[in-house]
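Task: produce atomic coordinates for the following.
(one chain, ligands or ions: 1)
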Amino acid sequence: MAVNRTPLIAGNWKMNLDHLQSIAFVQKLAWSLRDAKHDYSEVEVAVFPPFTDLRSVQTLVTADKLDLRYGGQDLSEHDSGAYTGEVSGAFLAALDCRYVIIGHSERRQYHGETDELIARKTVAALRHGLVPVVCVGETAEDLEKHGPSAVPVAQLGVVLAALEADADVVVAYEPVWAIGSGQAATPEQAQQVCGALRASIAEALGDEAAARTRILYGGSVKAANIAGFMKHKDVDGALVGGASLDVGEFASIARFPKHVGTA
Ligand SMILES: O=C[C@H](O)COP(=O)(O)O
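Numbers count the residues shown, from 1 in each chain. Now for the predicted structure:
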């Protein structure tokens with residue numbers, strides 16, 4: 001089957017950069033990518049700012065006709081109503097968000113998000129025309145106890161059970177032990193788990209869904225290691241945390257095809 005998955009380099013800002021800082025950052029990123037003649041059809045680039053920045057980012061992207069994508073870092077499973085502090089998929093869609101991150105390990109760890117809630121949020125995102133970036137990943141303890149793929153595959157399985165075969169989702173494999181640690185998984189480890197995740201998508205939703213779904217690796221990705229990950233057939237991009245807060249570094253990650261052969 002012909003496979004045409006556009007790589008996606010996604011920057012998760014987490015709780016960093018306020019709305020004014022987001023404007024300066026996006027402007028610099030756009031200039032940097034323009035100067036490098038970045039081909040967005042070759043490598044898609046997306047940023048995930050805090051909710052309070054999204055309107056500013058939308059204004060800039062619209063005014064400057066940027067090809068940059070953006071999205072929220074979370075959303076509510078509900079569409080509207082008495083849910084204090086929640087942000088609905090409808091609101092993200094109204095700001096022209098393309099994507100939304102769901103089930104990041106920090107949400108699982110600090111906010112008690114379960115696989116079942118993450119599945120409901122994924123369905124909510126799809127209901128509003130957003131592309132969910134569903135995060136899965138094992139802790140160091142899980143890795144020791146169950147091996148590399150069991151936990152991420154089981155986490156994704158709960159989400160896949162809630163999806164139709166034509167659902168447009170992105171999966172992000174982020175080993176918890178690699179996040180913010182400076183100790184990335186090896187490209188071979190990432191490939192092994194991304195391959196297992198793709199096989200689980202094929203089993204649940206069919207070969208066509210497996211062939212078109214992008215699977216990202218995340219966890220201490222930087223310009224110096226991105227090419228190693230991207231050489232592997234089941235790794236379709238990266239979800240970048242810390243390094244996405246440095247314009248030059250993030251732009252360099254997005255230009256990874258230039259590094260291939262140097263990794
Ligand atoms: O969402 C991004 C991940 O948590 C990776 O973060 P990191 O690149 O700082 O390790």
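
Quick check: residues of the stretch 1-150 of the chain near the ligand?
Residues of the stretch 1-150 of the chain lying close to the ligand (C-beta under 6 Å from any ligand atom) are 12, 104. From N, CA and C alone the C-beta is placed, and that goes for glycine too.

If we use 5 Å, what do you get?
Selection of the stretch 1-150 of the chain residues close to the ligand by C-beta under 5 Å from any ligand atom yields residue 12.

Low-confidence ranges, the stretch 1-150 of the chain, go.
Along the stretch 1-150 of the chain, the model assigns pLDDT under 70 to residues 1-3.

by contact count, what packs against the lengthiest helix in the chain?
Scanning the chain for the longest helix, with DSSP state H as the assignment, gives helix 187-205. Packing partners of helix 187-205 (3 or more C-beta pairs under 8 Å, 6 or more residues apart in numbering; DSSP states H and E): helix 150-160, strand 170-173, helix 207-212, strand 214-218, helix 226-230.

closest one to residue 69 among the ones you listed?
Closest approach to residue 69 among those (C-beta to C-beta): strand 170-173, 11.0 Å.

what pairs with that closest one, and is each one parallel or antiparallel?
Paired neighbours of strand 170-173 in the sheet (DSSP bridges): strand 131-136 (parallel), strand 214-218 (parallel).

ok, back up a step: in the longest helix of the chain, what counts as buried?
Residues of helix 187-205 classed as buried: 187, 189-198, 200-201, 204-205 (neighbour count, 16 or more other C-beta atoms under 10 Å).

likewise stretch 155-171?
For stretch 155-171, by 16+ other C-beta under 10 Å, it's 155-160, 162-163, 167, 169-171.

Could you dump the residues you listed into TSV with distance to the ligand and pLDDT added?
Supplementary listing: the buried residues of stretch 155-171 in TSV, determined by distance: C-beta to the nearest ligand atom, whole Å; pLDDT from 0 to 100:
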residue	distance to the ligand	pLDDT
155	15	98
156	16	98
157	21	98
158	20	98
159	17	98
160	21	98
162	22	98
163	22	98
167	21	98
169	16	98
170	12	98
171	13	98
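
In the protein, which residue sits nearest the ligand?
Minimum separation of the chain from the ligand (C-beta to the nearest ligand atom) falls at residue 241, amounting to 2.2 Å.

Quickly find the element holding the residue of the chain most remote from its centre.
Most distant residue from the mean C-alpha position of the chain: residue 82, 28.6 Å away (C-alpha atoms, centre = their mean). Element membership of residue 82 [criterion: DSSP states H and E] is none; it lies in no helix or strand.

if I look at it, how far off is residue 113?
Residue 82 sits at a distance of 20 Å from residue 113 (criterion: C-beta to C-beta, to the nearest Å).
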